[in-house]
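Asker: Fold the following and give me the result.
(2 chains)
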Amino acid sequence: MTAMRTVESGAGGRAAVDHRPGVAVTDAEPAAQPFVGRPMPRVEDAALLTGVARYADDLPAKPGTLHAAILRSPHAHAEILGIDTAAALATSGVAAVVTGADAKRVASPFLVGVRAPMEHWCLAVDRVRHVGEPIAVVLADSRYHAEDALDRIEVRYRPLPPVTSIGQALDPASTPLHPGLASNLVNSRSFRYGDPEGAFARAARTVSIEVEFPRNSCTPMECFVVLAEHDAAEDAYEILSNFSGPFAVHPVMAKALNVPGSRLRLKTPPHSGGSFGNKQAVFPYIVLMGLCARVSGRPVKWVEDRLEHLMAATSATARRMRIDAAVEPDGKVLALRMEQTEDCGAYLRAPEPASLYRNHGNLTGAYDIPHLAVTNRIVVTSKTPTGLNRGFGGGQLYYGLERLMNRVAAELGLDPLDVIRRNLVAADAMPYRTASGGSLDSGDYHATLDEAVRDGALDALKARRDALRAQGRLYGIGYAAVVEPSISNMGYITTVLTAEERRKAGPKNGAQATASVAVDPTGGVSVHVSSAPQGQGHRTVLAQVVADVFGLGVEDIRVNTDLDTGKDAWSIASGNYSSRFAGAVAGAAQVAATRLRDRMAALVAGSLNSRPEEVRFAGGKVFAAGNPDNALSFSRVAAAGHWAPGTLPDGREAALRETAFWTPEPLKAPTDADHINSSACYGFIVDFCGVEIDRDTGAVRIDRYVTMHDAGRLLNPLLVEGQILGGFAHAVGAALYEEYAYGDDGRFLSGTFADYLVPTACEVPVPVILHRESPSPVTPLGAKGVGEGNCMSTPACLANAVADALGGPVPSLPLTPAKIAALIHPPEPPRPAAAGAAGAVGAPAPSASGGRGLTGEGSREVPAPPEQVWAILLDPKELAALLPGCEALDHAGPDAYRAEVVVGIGPVRGRYTAEVALSDLDPPRSLTLTGSGASALGTGRGTGHVTLERTAGGTRVTYRYSAEVGGKVAAVGGRMLDSASRLLIGQFFEKLVARAGGAPAPAERPGLLTRLLRFLGLNR
Amino acid sequence: MPPLKSAVTLAADARHTVTIVLNGAPRTGQAHPRLLLSDFLRHELGAHGTRVGCEHGVCGACTVRIDGVAQRACLTLAVQADGRRIDTVEGLSQSNEGPNQGPNEGRMTALQEAFRRHHALQCGFCTAGILMSLSDYLGRNPKPTEEELRDMLSGHLCRCTGYAGIVRAVMDVTGQTPEPGAMGEAAHV
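Answerer: The predicted model follows:
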């Protein structure tokens, strides 16, 4: 791996720093300080590598703790007519079942960020609005027992029309998900900066693009965990959860529990298994489990499972964008006109609509585009509510913007890199005020781009493309240039409100970071921050920062990142999001440590015969600058305040602990003209890549990827590299593989890691990482965020490369082989009509209502006359024996039956209550079976036409069916449904043949079929 | 999936005694027949080092060695492990030094140390499973090519590292320099 850094010093000088993060770092050498800036291995790793680290689910639960399992909606949109919990309550081990009625009695709906009459409760009240929405919670002595009881809760629904796309949500005819709203368009705001109309009138031409960014999320390997207790005596909650912040959500939780914030003591565990923003979305479950603890009077523990996480935890927003650019012939963009429509899912859950406004100050990216018109629309759909996800709105924005810049180049016949160059903000314009009010704080974008081209060897990549194309291969090069915002302004979200509404609500701005530094009686130094790290290595970096301030070793600094809102310093901006650690939190730690050191210096100066500003801290000693030989040990000086406060100069307070609250100076509230500096600082990224498309399969292979970052000062290059590699891997997933897919009727289709495809070691290449360091003038250490940038730049860069390879338009993300193959291959001939005895099952096809549809047809020879086959089919007892998994079948009227059927698909199995009706009876020639069923697993309905035809050997039974399934089965079984239905029908006919006197149904024989059946959970 | 060793008839509603040799020491606990080995290790025996990431056999976080062979603890029932040797991440470093050596880092294996040097982990949630797979795999294939290694690692999902540090760590600890080209930087420049 190549890694090279160029450092711009504040004085404008430059020095090349060649560290090679690809080469192993050694343990902290006893080299001289500073530690900041050095690639140091992490203090976190020993515990993680040896298995002793404690994540939330590893922490002890009190005796008597109840375990929660959540019943979730199988419907995308339905009215809840009734919930019967009696059978569940009678199940072994069950202590309580909590429903929306309890929520209504004890809790309140969540606050919503825009003024709109929509209620979002921690448990569905009256109505469900997405598949997976919590409906009831079973509390039992074990998770196993709690899950057993879920199947016994009976919920009656009245299905309502779902809203499953942005287009549908914008259609005034769509059924409003929230009855208080006239439509599914929740909020719309238009902004105008500069003179966009004039620029469009003046420009040589207009170039436009329309794109849609799909739903996906970063799926941390650890799911959500909540341990909740309620103190009935004081009506106070104590809850531990792997919540990541922002703690602006803490007031939302407290309000939903109807307590002041001081009575919601929220703690975070010592280790968290990743978040990437997603663990913000545990907050409704913190409230839900608080409710459960209060209702049951016992501690409650809930651990989300992966099926729940994929189905209902959170998602990045889907966004539809149309952008017009007013363009000069040389590629200079004079103005942009943007229309963004954001799909926030079923509820506008805090802090949404932040995804849409997080980048408001940098809507024009890295470009000098002075005129801008924007229309932002927010819609609700019958899908999982959205929230924080690495890149947070940036992937969506830059996918539109960078595809547009690529289109500008294509339409004008220019080199895409020249178009980027022509529009980049100039170095001498820094700090640059963007049209919408952002303040790009530092950097030389042109020089950075030139370095990327040179050190990333773009010329060689172009030569490779030409050579491969000459061989007839599909090869393309793509580019992207973006600014990476970090340290969110807590006020940007209020840009969704009008100036008048903002005046009423009071100003919101800033981004408080907190850090406490303390010395103990042995002279040890401890640091506490409210950054809620999720695996990045905050403890290591903070030890480096604070060690430098005190002239100590990294091992002398003990960093504690557990957070307890009942005891620790925190504020609404606390938490782990918007790349705020390096700039804001590490900066706040340096501020706190420096204040404590300066207080110590003031106290000790007299005994060193020195002035405070001349006191130095180095090598574990404290001394006067002019007299290093007369040194006191650091521990002696630090501990003096504990042991001998009487020796302090008169009236002076001991220097034992310092807490700093630091907020970046440039973060103001939105102006009346809606200008907003949405982030404190802005890094710069320029990427280019070469991709090859397999002509046969349509698969995209990333041949080379170069990513150049200017993230200000790098505090620990090893960890910075890790952040870039991880962000890049997420972006590769978003660009090529991952999507939360829904059927047109709102059924969720991506409920396992076999359906939601996360890239593995075989799919993620190693990018070439380059750095340039332009320290931020805004942050104490000059650092900017770095963890999200590639989630913003890489999807666009890869899509631009695919466009170059294909020489034309690009399908929507993810760029799967199927979508690309459909573009490069001629249409396939129609499939031959199904024939023969084997039967055929069609591919999952949109059903009448558009869901996960299954169709199939086939025929089978049965060795009995049609009359006998007819008699079997119409005899309930016989039919019960033939239906796979049928445990009971009773008459429910003339030619109608009620059946209990147990079906399992993949990892889920459940008991369906099915209504089966026979119609169009034409004995003994044909009939129609219509069935529908419901269970905790979801819903299903289908129709089958059966005809009986007399043949020499008996009867030819021909069948044609169409079916659709929803709920959990559709979500987890996407890849298995076809084969499962084929097997079920196969079983049915095997038994029918046997029953009609043919060869006996084969006994269970070990073999492929049996193993497959077992795998599918169909073999009972 | 290992077959049951004991010939005892299992009753669904009864708890059965399960004895395993966990990282070299015999441990006994109680398990209903449906209890997953992952839950048995974590919640019955308190061996939390094995993590649970998907419970459907895809992510690999729960990988342990059963009689030496790397397997998913979430796809194994505790009763299937009865009488067998189970090795988990907690046991990796024990053999290096005696007990009470102070900070764990002094006792880590060469592979664990390489993970640390190469920043092969961030949140660490997938790490235990990867280490267990590697400890089995490298015993059978001590010098894998990068392509072979990536193929093996594809049985594990990691969301933090992009796998780069993991590959580097293994190539380092097996005495190999990462080859350019295989999946990493294109070899042509």
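
Asker: got a list of contacts for stretch A:524-531?
Answerer: A:245, A:247, A:513-520, A:538, A:542-543, A:546, A:550, A:552, A:556-561, A:563, A:568-571, A:574-576, A:580-581, A:585, A:588-589, A:592-593, A:635, A:638 (Cβ atoms under 8 Å, 6 or more residues apart in numbering or on different chains). Quick note: C-beta positions are derived from backbone N, CA and C, even for glycine.

Asker: Skip the chain neighbours and tell me the closest residue to residue 54.
Answerer: Picked chain A for this. Spatial nearest neighbour of residue A:54, excluding adjacent residues (Cβ to Cβ, 6 or more residues apart in numbering or on different chains): residue A:270 at 5.5 Å.

Asker: not what I meant, chain B
Answerer: residue A:306 (4.1 Å).

Asker: per-domain residue ranges of chain B.
Answerer: B:16-88, B:106-173 (automatic domain parsing).

Asker: nearest to residue A:446, of these?
Answerer: domain B:106-173 (28.9 Å; Cβ to Cβ).

Asker: which residues in chain B form helices?
Answerer: B:37-39, B:89-92, B:110-117, B:127-140, B:146-153, B:164-173 (DSSP state H).

Asker: With adjacent residues omitted, what lies nearest to the spatially most central residue of chain B?
Answerer: Geometric centre of chain B, nearest residue: residue B:132, 2.6 Å, by Cα atoms, centre = their mean. Nearest non-adjacent residue to residue B:132, counting by Cβ to Cβ, 6+ apart: residue B:63, 4.6 Å away.

Asker: Just grab the bridge partners of the one you found for me.
Answerer: residue B:72 (DSSP bridges).

Asker: Give the helix, strand or coil label for the nearest residue to residue A:562 once chain neighbours are set aside.
Answerer: Of all residues not flanking residue A:562 in the chain, residue A:270 sits nearest, at 5.4 Å (Cβ to Cβ, 6+ apart). Classification of residue A:270 using DSSP: H, G, I helix; E, B strand; the rest coil returns coil.

Asker: what's the spacing between residue A:270 and residue A:559?
Answerer: 11 Å (Cβ to Cβ, to the nearest Å).

Asker: okay, the two: which has more neighbours?
Answerer: residue A:559 (24 against 17; other Cβ atoms under 10 Å in any protein chain shown).

Asker: would that one count as being in a helix?
Answerer: No. For residue A:559, which was evaluated using three-state DSSP, the result is strand, with no helix membership.

Asker: In this structure it contacts residue A:547, no?
Answerer: No. The pair formed by residue A:559 and residue A:547 falls short of the contact definition of Cβ atoms under 8 Å, at 10.3 Å.

Asker: and whichever residue of the stretch 101-250 of chain A sits closest to chain B, how many residues sit next to it?
Answerer: Of all residues in the stretch 101-250 of chain A, the one sitting closest to chain B is residue A:221 (4.1 Å; Cβ to the nearest Cβ). Using other Cβ under 10 Å, residue A:221 has 27 neighbouring residues.

Asker: Could you look up the SS state of it?
Answerer: Under the three-state scheme (three-state DSSP), residue A:221 adopts coil.

Asker: Spatially nearest residue to residue 125 (excluding sequence neighbours)?
Answerer: By default, I'm working from chain A. residue A:100 (4.1 Å).

Asker: wrong one, chain B
Answerer: residue A:273 (3.2 Å).

Asker: does that neighbour belong to a helix or a strand, and which?
Answerer: Applying DSSP states H and E as the criterion places residue A:273 outside every helix and strand.

Asker: and what of the one 10 residues further on?
Answerer: When elements are defined using DSSP H and E, residue A:283 is found to belong to helix A:283-296.

Asker: For that helix, name the packing helices and strands.
Answerer: strand A:66-72, strand A:94-99, helix A:100-106, strand A:134-140, strand A:225-231, strand A:236-241, helix A:250-256, strand A:300-303 (3 or more Cβ pairs under 8 Å, 6 or more residues apart in numbering or on different chains; DSSP states H and E).

Asker: Name the strands paired with the very next helix or strand once past the first one and say parallel or antiparallel.
Answerer: The C-terminal neighbour of strand A:66-72 among helices and strands, as given by DSSP H and E, is strand A:78-84. Each strand that pairs with strand A:78-84, with its direction, by DSSP bridges: strand A:127-128 (antiparallel), strand A:154-159 (antiparallel).
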